[in-house]
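> Sequence and predicted structure below; questions after.
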Amino acid sequence: MNSFRPTPTIVHRAILMLAGLAVSGIALAQNSNYQVPRTVDGAPDLQGMWTSNTITPLSRPAEFGDKLILTPEEAFELEKTVADYSAEQDAPSDPDREAPRKGRIELADSYNNFWFDDGTQVARFNGEFRSSLIVDPANGRIPDYTPAAEERIRIARQQREQLGPFAGPESRPLAERCLLSFSSSGGPPMLPILYNNHYQIVQSPGYVMILVEMVHDARIIRIDDDPLPAAQHRWLGDSLGHWEGDTLVVETSNFNPSQSFRNSSENFQITERFTRVSDEGINYSFTISDPDTFQQDWSAEIPMKITDDRLYEYACHEGNYSLPGVLAGARLDESLSQ
């Protein structure tokens, strides 16, 4: 089921009962009279600490059809529902509650509301409250896979099943190994997720660097440069930027073959646009092109707002402690079954 934030089922039901709402109020409408600040070398200044957290989902719930824009009343009602749910989750736990079921741990048993920082507002882009971050296609949903992609996914799944999930470090997800962020928050595309949605942008002549809070990914965008040799596949891809007026346009391709965005192919390409629309806001948008995977290109728009929060080191204990423990447990289990 799609929803406005990846939280437990109770809030999903509450949201669907509101029948037709969606996203959250983050960025401000673009002011045509706004004077974009400049760096010392004259480039539009995107620097600062930014966050993209929002309760708006990437894909639009089917109940909304082609309805992209929400009324302020709908947005307020949705935000109130999420706020009420958060207050309920923040209440003290019952010390007499039953223990978790044996052999199964729910998300709420390991990550409760204390850890979440996925926002409190519906996304607001150019003054419009949005029901989804995806704006194209019109239904606000990720396009279907091509037949070739479905076959590729089937073969990959079959290979994983034959190898097993605990054969070695390479059989575990990249985020679990602390190589890349979870759920593409590091990007590209840079998607808001449950927590750690902060980005620090730093500029110098010829470069833009985006430091990602989640798993401390640092993406270096080269301005007006040539692409790297095709054989140099990179984590986060090879990002080349140029300025179109006050908008930074970034084209990224040539990703590490082990990095896949929603089962993307080696021909995956993404174009991102960053536009400073106020002292407090950046309009971030992207278009994905991968004809070997998706039946059409698709685009999303995500407001980013400035924050006074600081960026702290991300301690990725999954790789430091959990991964050796998981693999050691698997080897022990194998030895006992022989």
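Okay, I see it.

> Check whether Pro57 really touches Ser132, as I assumed.
Yes. Look at Pro57 against Ser132 with Cβ atoms under 8 Å: they come within range, at 5.9 Å. Glycine gets a C-beta too; all of them are placed from N, C-alpha and C.

> List the residues that contact Thr146.
291-295 (Cβ atoms under 8 Å, 6 or more residues apart in numbering).

> again, but for Tyr111
Going by Cβ under 8 Å, 6+ apart, Tyr111 touches Leu194.

> Just give me how far stretch 117-136 sits from the chain centre.
Chain-centre distance of stretch 117-136: 13 Å, with Cα atoms, centre = their mean, to the nearest Å.

> what distance separates the start and the end of that stretch?
Terminal residues of stretch 117-136 lie 27 Å apart, using Cα to Cα, to the nearest Å.

> So for that stretch, what gets flagged as buried?
117-125, 128-135 (16 or more other Cβ atoms under 10 Å).

> likewise stretch 216-228?
Using 16+ other Cβ under 10 Å as the test for burial, stretch 216-228 gives 216-217, 219, 221-223.

> for stretch 64-72, same thing?
Using 16+ other Cβ under 10 Å as the test for burial, stretch 64-72 gives 64, 67-68, 70.

> repeat for stretch 276-289
By neighbour count on 16+ other Cβ under 10 Å, the buried set for stretch 276-289 is 276-278, 281-289.

> Among those, which one lies nearest to Pro229?
Distance ranking of these against Pro229, using Cβ to Cβ, places Ser289 first at 21.6 Å.

> For Glu251, see how far away that closest one is.
Distance check for Ser289 against Glu251: by Cβ to Cβ, to the nearest Å, it reads 10 Å.

> Which members of the contacts of Thr146 are classed as buried?
Here the buried ones among the contacts of Thr146, as counted with 16+ other Cβ under 10 Å, turn out to be 293-294.

> Columns secondary structure on top of the contacts of Thr146, output as CSV?
Converted to CSV, those look like this (DSSP: H, G, I helix; E, B strand; the rest coil):
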residue, secondary structure
Pro291, coil
Asp292, coil
Thr293, coil
Phe294, strand
Gln295, coil
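
> which of the contacts of Thr146 sit farthest apart?
Among those, Asp292 and Gln295 lie farthest apart (Cβ to Cβ), at 10.7 Å.

> give the contact list for Arg276.
34, 36-37, 44-46, 246, 282.

> count of neighbours near the nearest residue to it once chain neighbours are set aside?
Spatial nearest neighbour of Arg276, chain neighbours left out: Val36 (4.9 Å); criterion: Cβ to Cβ, 6 or more residues apart in numbering. Val36 has 16 neighbouring residues, counting by other Cβ atoms under 10 Å.

> pretty sure Leu163 is touching Ser171, no?
Yes. In this structure, Leu163 is within contact of Ser171 by Cβ under 8 Å, at 5.8 Å.

> Can you read off the pLDDT for the spatially most central residue of the chain?
Centroid-nearest residue in the chain, with Cα atoms, centre = their mean: Leu191, separated by 2.1 Å. Looking at Leu191, its pLDDT reads 94.

> Can you verify my assumption that it contacts Tyr199?
No. In terms of Cβ under 8 Å, Leu191 does not count as a neighbour of Tyr199; the distance is 11.6 Å.

> Now the common contact residues for these two.
Taking Cβ under 8 Å, 6+ apart as the criterion, Leu191 and Tyr199 both touch Ser52.

> Tell me the secondary structure at Thr287.
For Thr287, the assignment made with three-state DSSP gives strand.

> quick one: contacts for the nearest residue to it once chain neighbours are set aside?
Distances taken as Cβ to Cβ, 6+ apart place Ser299 nearest to Thr287, at 4.3 Å, with adjacent residues excluded. Counting by Cβ under 8 Å, 6+ apart, Ser299 makes contact with 134-136, 285-288.

> got the residues you listed as JSON lines, with pLDDT and distance to Ala99 columns?
Listed next are the contacts of Ser299 as JSON lines, based on pLDDT from 0 to 100; distance: Cβ to Cβ, whole Å:
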{"residue": "Ile134", "pLDDT": "98", "distance to Ala99": "40"}
{"residue": "Val135", "pLDDT": "98", "distance to Ala99": "45"}
{"residue": "Asp136", "pLDDT": "97", "distance to Ala99": "47"}
{"residue": "Ser285", "pLDDT": "98", "distance to Ala99": "46"}
{"residue": "Phe286", "pLDDT": "98", "distance to Ala99": "44"}
{"residue": "Thr287", "pLDDT": "98", "distance to Ala99": "48"}
{"residue": "Ile288", "pLDDT": "98", "distance to Ala99": "44"}
